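Q: Need a 3D model of the sequence below.
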Amino acid sequence: MEILNNKRIYKGVIFRSHIKQTCIYKVDLIYKLITSRIFNCFRFLAIVFLFAYITKGLLSIEEGIDQQQILNDMMEPNINIKFIINAVI
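A: Numbering: from 1, shown residues only. A predicted model of the protein is given here:
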């Protein structure tokens, strides 16, 4: 009877640890999914901002504005959202 009880306890421990590992695996999978989506979102935004800066520089060159003014505009911390929307469209 003790051996039978020990086997039951042993099987119960294995079963509980299996559920724990499965939960940890699922949480890890969800975490990786969320972080990869966030990373992709930031990468997309970086490409959009870079495209906007390049477009702004090219349009400024075509209009005849000097290079120093273009560099000063690119170094400004605030970004004109209206310009970015116009550049993307």
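
Q: For residue 33, see how far away residue 46 is.
A: The gap separating residue 46 from residue 33 is 21 Å, by CB to CB, to the nearest Å. For every residue, glycine as well, the C-beta is placed using N, CA and C.

Q: where in the chain is pLDDT low?
A: Scanning the chain for pLDDT under 70 picks out 1-26, 57-89.

Q: The same query, at a cut-off of 50, please.
A: 1-15 (pLDDT under 50).

Q: Any buried residues in stretch 36-49, and which?
A: Within stretch 36-49, no residue is scored as buried using 16 or more other CB atoms under 10 Å.

Q: Could you check which helix or strand contains residue 39?
A: Here residue 39, judged by DSSP states H and E, is contained in helix 2-63.

Q: what's around residue 52, how many residues?
A: 19 (other CB atoms under 10 Å).

Q: Numbering from 328 from now on, please.
A: All right, first residue 328 from here; so that's residue 379.

Q: Just the CA trace of stretch 359-377, in PDB.
A: The C-alpha trace of stretch 359-377 is given here as PDB (Å, rounded to 0.1, in the frame of the first residue of the first chain):
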ATOM      1  CA  LYS A 359       8.100  36.600 -27.200                       C
ATOM      2  CA  LEU A 360       5.100  37.300 -29.400                       C
ATOM      3  CA  ILE A 361       4.400  40.600 -27.700                       C
ATOM      4  CA  THR A 362       8.000  41.800 -27.700                       C
ATOM      5  CA  SER A 363       8.500  40.900 -31.400                       C
ATOM      6  CA  ARG A 364       5.400  42.800 -32.300                       C
ATOM      7  CA  ILE A 365       6.500  45.800 -30.300                       C
ATOM      8  CA  PHE A 366      10.000  45.600 -31.900                       C
ATOM      9  CA  ASN A 367       8.400  45.400 -35.400                       C
ATOM     10  CA  CYS A 368       6.300  48.500 -34.600                       C
ATOM     11  CA  PHE A 369       9.300  50.500 -33.500                       C
ATOM     12  CA  ARG A 370      11.300  49.400 -36.500                       C
ATOM     13  CA  PHE A 371       8.400  50.500 -38.800                       C
ATOM     14  CA  LEU A 372       8.200  53.900 -37.000                       C
ATOM     15  CA  ALA A 373      12.000  54.300 -37.400                       C
ATOM     16  CA  ILE A 374      11.700  53.600 -41.100                       C
ATOM     17  CA  VAL A 375       8.900  56.100 -41.500                       C
ATOM     18  CA  PHE A 376      10.800  58.900 -39.700                       C
ATOM     19  CA  LEU A 377      13.900  58.200 -41.700                       C
END
